[in-house]
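> Got a sequence here, can you model it:
(one chain, ligands or ions: 1)
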Amino acid sequence: MSVHFKTIFILILINKCLASDWDYLEHGPDVWSEHYPTCGGERQSPINIKTACTIYQPLDQFILTPDHVTENNFIAKYNGHTISSETNNKNLALQGGNLTGTFYFDSFHLHWGPNHNVGSEHQMNGLKSAGESHFVYRNALTNERAVLSFLMETRLTKSFRSNNKNDFYDTKSESEWKKFFDVAQKLTHENDSASIDLSLNSLMGNNRNEYWRYAGSLTTPPCTENVIWTIFKEPIVLLDYEFNSFRHELFFESFRGPQPLYYRQVYRTFRDEIQSKIPDENCCISAKSMGKSMIFNNKINSIYFFAAFLILSTIF
Ligand SMILES: [Zn+2]
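Residues are numbered from 1 along each chain as shown. Next up, the predicted model:
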């Protein structure tokens, strides 16, 4: 085989390996840890948030730089897993929210499912939303990521207009997302990309004071455990058919299921939390009590060890 053919053969092999590395189908979340051991770690995301088990903690408000409000030019690209949108603007930064230091905007992307009852990565008391948007920020000094996550709920018909002020309905946010979907739905082949002007502030909606917080990971390989998660209480509401092109042209679904919480605690920034209608979701195993039982077990082990030492020293 000539050097030229060898090179082509190796490139095809590498390309094949990369292309089949992970997905949401045959090489889906259940087997990711075979190639990416961190995906089987104890600080993984997403999680099912049992709201009754969260602890109230008044965390600081987020401070977003003014460029979040103005329109910025984004390049939306289908990267083989999702549509990811990036910008050249280096002035999109995030502080506050009890994060340490300044986090700079990296990209945003979506997760979705086959219908309006499934698609979000995070679950609330075992319930899923139609989708979830992730705005990823990064602190280059600490290599930490901060992800601002918005659950996305969908309306099935256009005609619905609620008179209830408590309904999560934000026309500014919905029309900004429509702009995004109008462009993104045309990106059906890997590496397809398009330019689009968007305001991050409009995409994110209005209420950013009420949220859940926990320490987790990337929800895709390599599942790096360096993410401070913020999941906002108020969802973004869209028309359901916006997701249809993603469902039919890209993937049937693109989300990872909830991972074990282990010893982690989930905090919330709002005082009152209503008990879940699902009884099981109110049963909490707190990190504290887990810690206590570990200490208790250690004490028992120490007593056994001391008793054994006394017996042995009496014999000899
Ligand atoms: Zn994501």
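
> Okay, buried residues for stretch 85-99 please.
Using 16 or more other Cβ atoms under 10 Å as the test for burial, stretch 85-99 gives 85, 86, 87, 89, 92, 93, 94, 95, 97, 99. Quick note: C-beta positions are derived from backbone N, CA and C, even for glycine.

> measure the fourth one to residue 278 for me?
Noted for residue 89: a distance of 43 Å to residue 278, by Cβ to Cβ, to the nearest Å.

> same thing with the fifth one?
For residue 92, the distance to residue 278 equals 38 Å [Cβ to Cβ].

> What of the first one?
Spatial separation of residue 85 from residue 278 under the definition Cβ to Cβ is 35 Å.

> got it, and the third one?
With distances taken as Cβ to Cβ, residue 87 is found 40 Å from residue 278.

> Same question for residue 134.
Taking Cβ to Cβ, one finds residue 134 at 26 Å from residue 278.

> Over to residue 66?
Taking Cβ to Cβ, one finds residue 66 at 42 Å from residue 278.

> What of residue 177?
30 Å.

> So if I had to pick from these two, which one is more boxed in?
Neighbours of residue 177 and residue 278, each counted by other Cβ atoms under 10 Å, are more numerous for residue 177; the result is 24 against 11.

> List the contacts of the more buried one.
203, 236, 238, 242 (Cβ atoms under 8 Å, 6 or more residues apart in numbering).

> Could you pull out the buried residues of the helix or strand it falls within?
In this assignment (DSSP states H and E), residue 177 forms part of helix 171-184. Of all the residues in helix 171-184, those buried under the rule 16+ other Cβ under 10 Å are 173, 174, 176, 177, 179, 180, 181, 183, 184.

> The third one - nearest residue in space that isn't next to it in sequence?
Ranked by Cβ to Cβ, 6 or more residues apart in numbering and with sequence neighbours excluded, the top spatial neighbour of residue 176 is residue 202, at 3.9 Å.

> That neighbour belongs to a strand?
No. Counting by DSSP: H, G, I helix; E, B strand; the rest coil, residue 202 is located in no strand; its state is helix.

> That one is in contact with residue 174, isn't it?
No. At 9.5 Å, residue 202 does not count as touching residue 174 under the criterion of Cβ atoms under 8 Å.

> ok so, going back, residues in contact with the helix or strand just after the helix holding residue 177: which ones?
Downstream of helix 171-184, the next assigned helix or strand under DSSP H and E is strand 193-198. Outside strand 193-198, the residues within contact range by Cβ under 8 Å, 6+ apart are 71-78, 85, 176, 179-180, 183-184, 186-187.

> could you give the angle of strand 193-198 to helix 171-184?
Per axes from the mean of the first three to the mean of the last three Cα atoms, to 10 degrees, the angle that strand 193-198 makes with helix 171-184 is 170 degrees.

> Name the nearest of the buried residues of helix 171-184 relative to residue 32.
residue 184 (25.0 Å; Cβ to Cβ).

> The helix or strand hosting residue 107 packs against which elements?
Assigned by DSSP H and E, residue 107 belongs to strand 103-112. Secondary-structure packing of strand 103-112 (3 or more Cβ pairs under 8 Å, 6 or more residues apart in numbering; DSSP states H and E): strand 83-87, strand 93-96, strand 131-139, strand 144-155, helix 200-204.

> Could you tell me the angle between it and strand 193-198?
110 degrees.

> can you give me the angle strand 103-112 makes with strand 83-87?
Using the same axes, to 10 degrees: strand 103-112 against strand 83-87 is 160 degrees.

> Contacts for strand 103-112 next, please.
Here strand 103-112 has contacts from 82-87, 89-90, 92-95, 119-121, 130-140, 144-146, 152, 200, 203, 219, 243, 246-247, 253-255, using Cβ under 8 Å, 6+ apart.

> could I get that strand in CSV with only the CA atoms?
Provided in CSV are the C-alpha atoms of strand 103-112 (Å, rounded to 0.1, in the frame of the first residue of the first chain):
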residue,chain,number,x,y,z
PHE,A,103,-17.8,33.7,33.1
TYR,A,104,-17.6,34.5,29.4
PHE,A,105,-20.3,33.3,26.9
ASP,A,106,-19.3,30.3,24.9
SER,A,107,-22.4,29.0,23.0
PHE,A,108,-26.1,28.0,23.4
HIS,A,109,-27.9,24.9,22.2
LEU,A,110,-31.1,22.9,22.6
HIS,A,111,-32.3,19.5,23.7
TRP,A,112,-35.6,18.1,22.5
